[in-house]
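S.K.: Got a predicted model here, sequence first, then my questions.
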Amino acid sequence: MNGDNALGDFLKARRGRVRPDEAGLTSFGRRRVPGLRRDELARLAGVSQHYLTRLEQGTDRNPSPQVLNALASALQLNQDERAHLTALATPAPPPREHAVASAAVRQLIDSFGQTPAYVRDRRFDVLAANKLAMALSPLYTPGQNLVRDMFRDPTVRTLFPDWAQIAAQSVAALRAEADARDPATADLIAELLADSQFRDLWTAHDVRPTRDEVKRFHHPVVGPLTLRRETLTVAGADGQVIIAYQAAPETPSAYALARLL
């Protein structure tokens, strides 16, 4: 779970989520596992059970692209999950230095005016934010980690009426965008695994990068807001993105957001 055998953990978790009937298999009698047995997945993917055992146990961590594609098809992975599987089968990257938002990017988000915006890295550390983002929530203050605060800061549960859904999305996005083999990321995950809600979500191995979508807030001063999140990739900045929130013009949310200026 902490990244030591990320590829094997992912394969085992996803194998447990595919029912035999979904894979076109006929199941007889009582089964000891909820999903596919190891021999069933091996047969569906066209690999030996011994080789699949080595992959799941982490004694072999370098499957060929052909094997990865066969496993992804047998596990019925979507495009995001396939990309994640491929990333897990590549050599671990060197430890990343602490990310910093460039002066140009900080100037850009400060120029957004009535649009709350912040910059985060692939580990979901907030690197920079404009004043309106920090007025929207202290969660968006530079130095904060969005996933840690999602589970450790009780005020976040009040801020987001759809907290359970957003928490699940945050964990799935962390898995998709971060690399659990990176030491700093592994430390963050190890810390958060002490929280049972995070642990349940993390061990589900859901993968879903951050999307542009509508999010509801309940601000302690201006009340409810419905804002659309836009995600902008910072070119050449190793996973840094700008997150900006916009309210539809001339709506109660737009007027409420203006009161935070």
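M.R.: Received the coordinates, thanks.

S.K.: Helices of the stretch 51-200 of the chain, start to end?
M.R.: Using DSSP state H, counting those that start in this stretch, the helices of the stretch 51-200 of the chain run over residues 65-74, 79-88, 103-110, 131-136, 146-152, 154-159, 163-177, 183-192, 196-202.

S.K.: Quickly list what the closest residue to residue 144 other than its chain neighbours is bridged to.
M.R.: Excluding the flanking residues, the one nearest residue 144 by Cβ to Cβ, 6 or more residues apart in numbering is residue 126, at 4.8 Å. The C-beta positions use only the backbone N, C-alpha and C, and glycine is treated the same way. Taking DSSP bridges as the rule, residue 126 bridges to residue 120.

S.K.: any idea how far residue 126 lies from residue 94?
M.R.: 23 Å (Cβ to Cβ, to the nearest Å).

S.K.: do the same with residue 109
M.R.: On the measure of Cβ to Cβ, residue 109 and residue 94 end up 29 Å apart.

S.K.: Compare these two (neighbour count), which wins?
M.R.: residue 109 (23 against 7; other Cβ atoms under 10 Å).

S.K.: Tabulate the helices of the stretch 51-200 of the chain in JSON lines, adding columns for mean pLDDT.
M.R.: Putting the helices of the stretch 51-200 of the chain into JSON lines (pLDDT from 0 to 100) gives the following:
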{"stretch": "helix 65-74", "mean pLDDT": "97"}
{"stretch": "helix 79-88", "mean pLDDT": "96"}
{"stretch": "helix 103-110", "mean pLDDT": "97"}
{"stretch": "helix 131-136", "mean pLDDT": "97"}
{"stretch": "helix 146-152", "mean pLDDT": "98"}
{"stretch": "helix 154-159", "mean pLDDT": "96"}
{"stretch": "helix 163-177", "mean pLDDT": "97"}
{"stretch": "helix 183-192", "mean pLDDT": "95"}
{"stretch": "helix 196-202", "mean pLDDT": "97"}
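
S.K.: would you turn the ones you listed into JSON lines with distance to residue 213?
M.R.: Converted to JSON lines, the helices of the stretch 51-200 of the chain look like this (distance: least, Cβ to Cβ, whole Å):
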{"stretch": "helix 65-74", "distance to residue 213": "25"}
{"stretch": "helix 79-88", "distance to residue 213": "15"}
{"stretch": "helix 103-110", "distance to residue 213": "20"}
{"stretch": "helix 131-136", "distance to residue 213": "16"}
{"stretch": "helix 146-152", "distance to residue 213": "15"}
{"stretch": "helix 154-159", "distance to residue 213": "17"}
{"stretch": "helix 163-177", "distance to residue 213": "9"}
{"stretch": "helix 183-192", "distance to residue 213": "23"}
{"stretch": "helix 196-202", "distance to residue 213": "18"}
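
S.K.: Among those, which comes closest to residue 260?
M.R.: If you check each of these against residue 260 by Cβ to Cβ, helix 131-136 wins as the nearest, at 4.3 Å.

S.K.: The closest one: which residues count as buried?
M.R.: Of the residues in helix 131-136, 132, 133, 134, 135, 136 count as buried by neighbour count, 16 or more other Cβ atoms under 10 Å.

S.K.: contacting residues for the third one?
M.R.: Just to be clear, that refers to residue 134. Contacts for residue 134 (Cβ atoms under 8 Å, 6 or more residues apart in numbering) come out as 140, 141.

S.K.: at 10 Å instead, please
M.R.: 116, 118, 126, 140, 141, 142, 144, 260 (Cβ atoms under 10 Å, 6 or more residues apart in numbering).

S.K.: Isn't the fourth one up against residue 130?
M.R.: Yes - using Cβ atoms under 10 Å, residue 140 makes contact with residue 130 at a distance of 9.0 Å.

S.K.: shared neighbours of these two, which are they?
M.R.: In contact with both residue 140 and residue 130: 116, 117, 118, 119, using Cβ under 10 Å, 6+ apart.

S.K.: What is the burial count for the third one?
M.R.: The local packing of residue 118 (other Cβ under 10 Å) involves 27 other residues.

S.K.: Check the first one too.
M.R.: Each residue near residue 116 was counted by other Cβ under 10 Å, and the total is 27.
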